[in-house]
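**Student:** Show me the folded form of this:
(2 chains)
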2 protein chains.
Amino acid sequence: MTRLRRVFTHFLIAMALAAALVPWAQAQSDPLPSWNDGAAKARILEFVRAVTVAGTPTFVPPAERIAVFDNDGTLWSEQPAYFQLLFALDRIKALAPKHPEWKTKQPFKAALEGDMKALAASGEHGLLELVMATHAGNTTQEFESIVKDWLATARHPRFKRPYIELVYQPMLELLAHLRSNGFKTFIVSGGGIEFMRPWVEKVYGVPPEQVVGSSIKVKYEVREGKPALVRLPAINFIDDKAGKPVGIHYHIGRRPIAAFGNSDGDFQMLEWTTSGPGARLGLIVHHTDAEREYAYDRKSHIGRLNRGLDEAGQRRWTVVDMKRDWKRIYPAPQ
Amino acid sequence: MTRLRRVFTHFLIAMALAAALVPWAQAQSDPLPSWNDGAAKARILEFVRAVTVAGTPTFVPPAERIAVFDNDGTLWSEQPAYFQLLFALDRIKALAPKHPEWKTKQPFKAALEGDMKALAASGEHGLLELVMATHAGNTTQEFESIVKDWLATARHPRFKRPYIELVYQPMLELLAHLRSNGFKTFIVSGGGIEFMRPWVEKVYGVPPEQVVGSSIKVKYEVREGKPALVRLPAINFIDDKAGKPVGIHYHIGRRPIAAFGNSDGDFQMLEWTTSGPGARLGLIVHHTDAEREYAYDRKSHIGRLNRGLDEAGQRRWTVVDMKRDWKRIYPAPQ
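**Tutor:** Residues are numbered from 1 along each chain as shown, chains lettered A, B, ... in the order given. Predicted coordinates:
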């Protein structure tokens, strides 16, 4: 036996030992410590076991273990308004000195005065105008800096914490548990793809290339020999409702086996995911905790959950009751 | 020391040993055996070393090691015509019995008669009509089966081999070398995203979610309770020329550090990639081998390479001379 082969044999033995010990060591601790024992937690753990034990009929090869997560209301809070809308309102204020005409022009007037009623009255078209005025007209690099600066300084009106601290600790554990079992975790959100990409890797462990979202068009330009991607005031894709399975198809190209949402905007994503063959998991986060977070569902303007509640039972989707199922909502302040 | 801690300590030692041995064992063999020694091979190996050695100024964290590859002419052949066009022509023949009007209507008449001159004369609009007639009107699942069936049975007119065997062995080694050094490898092709996804994982080791390409629109539909994604006769995105950096941005969301192409359709992708800060690699496959493959560049209708050849020097892009740099072109027949 040569020295090389001997070293290599030791190496292989070490690898085999390590591989055998990893699951054993993991089984010693609870992967979801912020989840109370109950039907939701049991269902998640059972699903993960079902798709990862080789040789069983429910086994899924690692490459096909795709899990998709909505963001607003599923991974972080979305009240009193989508955080991206609060960002847009702050941007309007920051840009106002350059736009004196906004003082008298809707929806900008309402945005500057914090008149949420008038803002809502401006409708979808008004909101679109706000988004274009605050999200377009810069390069992708500039926009990334603007988002990062805002997240570093802005505070949530009720919790007085940075927005990226208002993420759900139980969902962070779920993301990690899936990844440690060979899943690839994606975000599939109605929110702006470029509003999420600058921070989701650090906060959720999801890299930018695994983010699907709504987007505006960008254009490649070379200015004085320096290439840039310029953000245009035109919608490219709306990743909501029936758009979610479409966004999943464009970006991922295969059907997920697990989907996590909280509103009827996630209905089609849950439907598409759970109607495939083999083991599937569909889960809805139900906001039931007015004290620690917010309580809203069928009648809410933001994150309305109506059809999902009606049909979860017959579709075998798991409904998480935040108040009952979660030991804690947010991570400890840093 | 408890039994648990003792076992765990052994486990950690084993892991450390394994981690230390892996690079050492890898260094013993040539990762690019089908590349002749020369400037191109040296440049690739030097770049990979530069970005992977921790503590050096050129080091790049694994999460940012994004490499993008054009497909047609870069990873597989594209002569005598793009393989996807040959697929479309075969589809026209297969669908012709249901479309008697095609016998007298261009560009279908030309396609059925194999009249490439008349086909070319139908221009971009004619080709688009062919693509829509052959690629739309089915579900994503149905189209995937059609592509797989075609690849299993069709043969290249000159080499008489299945198209997926006409991939470049040196590039397969390059893909594997990058991945074993922590790179995430993406395909960024002007070809159809759904024409590539069914086979690139098996052939290139690139999963469907790491494929960027041209696409037609799809629509989510529930027919008799069964959800499907239906392919529509409308262009969604053209991933070519200045569209490539845009496609990279939509799908990946960060700038690659290495780009591989073969034609002027890849120019902007190479420009965007190599104009970023730090160590960068831009590489062009130059088709110089009429005997083993094809020789074409400045005047070719397919895969024209003109500006890229002119500017490669000043931009420090590596030009691979297929005839001189590659020991072999295709993998051995299976």
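**Student:** tell me the SS of A:Ser189?
**Tutor:** Here A:Ser189 is strand, with the state taken from DSSP: H, G, I helix; E, B strand; the rest coil.
**Student:** mind listing what it touches?
**Tutor:** Taking Cβ atoms under 8 Å, 6 or more residues apart in numbering or on different chains as the definition of contact, the neighbours of A:Ser189 are A:70-72, A:196, A:211-214, A:239. Any C-beta I mention is one placed from the backbone N, CA and C, and that applies to glycine too.
**Student:** Setting the sequence-adjacent residues aside, check what's closest to it.
**Tutor:** Once its chain neighbours are removed from consideration, A:Ser189 has its nearest residue in A:Asn71; the separation is 3.8 Å (Cβ to Cβ, 6 or more residues apart in numbering or on different chains).
**Student:** can you tell me how far A:Ala176 sits from B:Pro62?
**Tutor:** Going from A:Ala176 to B:Pro62 by Cβ to Cβ, to the nearest Å gives 18 Å.
**Student:** so what's A:Val285 closest to, chain neighbours aside?
**Tutor:** If you skip the residues right next to it in sequence, A:Val285 has A:Asn262 as its closest partner in space, 4.2 Å away by Cβ to Cβ, 6+ apart.
**Student:** Would you agree the one you found is in contact with A:His287?
**Tutor:** Yes: the criterion here is Cβ atoms under 8 Å, and A:Asn262 meets it with A:His287 at 6.9 Å.
**Student:** Pick out whichever of those two has more residues nearby.
**Tutor:** With other Cβ atoms under 10 Å in any protein chain shown as the criterion, A:Asn262 and A:His287 differ in neighbour count, and A:Asn262 comes out ahead with 26 against 23.
**Student:** In contact with that one, which residues are there?
**Tutor:** Each residue near A:Asn262 by Cβ under 8 Å, 6+ apart is listed here: A:70, A:72-74, A:284-287, A:303, A:305.
**Student:** for those, which one is nearest chain B?
**Tutor:** Looking at these and their distance to chain B, the nearest is A:Asp70, at 15.9 Å (Cβ to the nearest Cβ).
**Student:** hang on, that closest one packs against A:Gln268?
**Tutor:** No: contact status for A:Asp70 versus A:Gln268: not in contact, 11.5 Å apart, counting by Cβ under 8 Å.
**Student:** More neighbours: those two, which one.
**Tutor:** A:Asp70 (28 against 22).
**Student:** Once you drop chain neighbours, what's closest to that one?
**Tutor:** A:Asp70's closest residue in space is A:Gly261 (Cβ to Cβ, 6+ apart), at 4.2 Å.
**Student:** quick one: that neighbour and A:Met269 touch, right?
**Tutor:** Yes: with contacts counted by Cβ under 8 Å, A:Gly261 reaches A:Met269, the gap being 6.2 Å.
**Student:** Quickly list what's touching both of these two.
**Tutor:** Taking Cβ under 8 Å, 6+ apart as the contact criterion, the common neighbours of A:Gly261 and A:Met269 are A:Asp70.
**Student:** Can you show me the strands along the stretch 1-150 of chain A?
**Tutor:** Ranges of strands in the stretch 1-150 of chain A, per DSSP state E, counting those that start in this stretch, are A:66-69.
**Student:** what residue ranges in it are flagged as low confidence?
**Tutor:** A:1-28 (pLDDT under 70).
**Student:** which residues are common contacts for A:Asn262 and A:His287?
**Tutor:** Any residue near both A:Asn262 and A:His287 by Cβ under 8 Å, 6+ apart counts here, and that gives A:73, A:303, A:305.
**Student:** how close does the closest residue to chain B within the stretch 51-200 of chain A get to A:Pro208?
**Tutor:** With Cβ to the nearest Cβ, the shortest gap between the stretch 51-200 of chain A and chain B falls at A:Arg197, namely 4.6 Å. Relative to A:Pro208, A:Arg197 is positioned 4 Å away (criterion: Cβ to Cβ).
**Student:** Same question for A:Gly126.
**Tutor:** For A:Gly126, the distance to A:Pro208 - Cβ to Cβ - is 30 Å.
**Student:** Comparing those two, which residue is more hemmed in?
**Tutor:** Between A:Gly126 and A:Pro208, counted using other Cβ under 10 Å, A:Pro208 has the larger neighbour count: 22 against 18.
**Student:** the domain parsing of chain A - what is it?
**Tutor:** For chain A, automatic domain parsing gives the domain ranges A:31-80+A:164-214+A:237-325, A:83-136.
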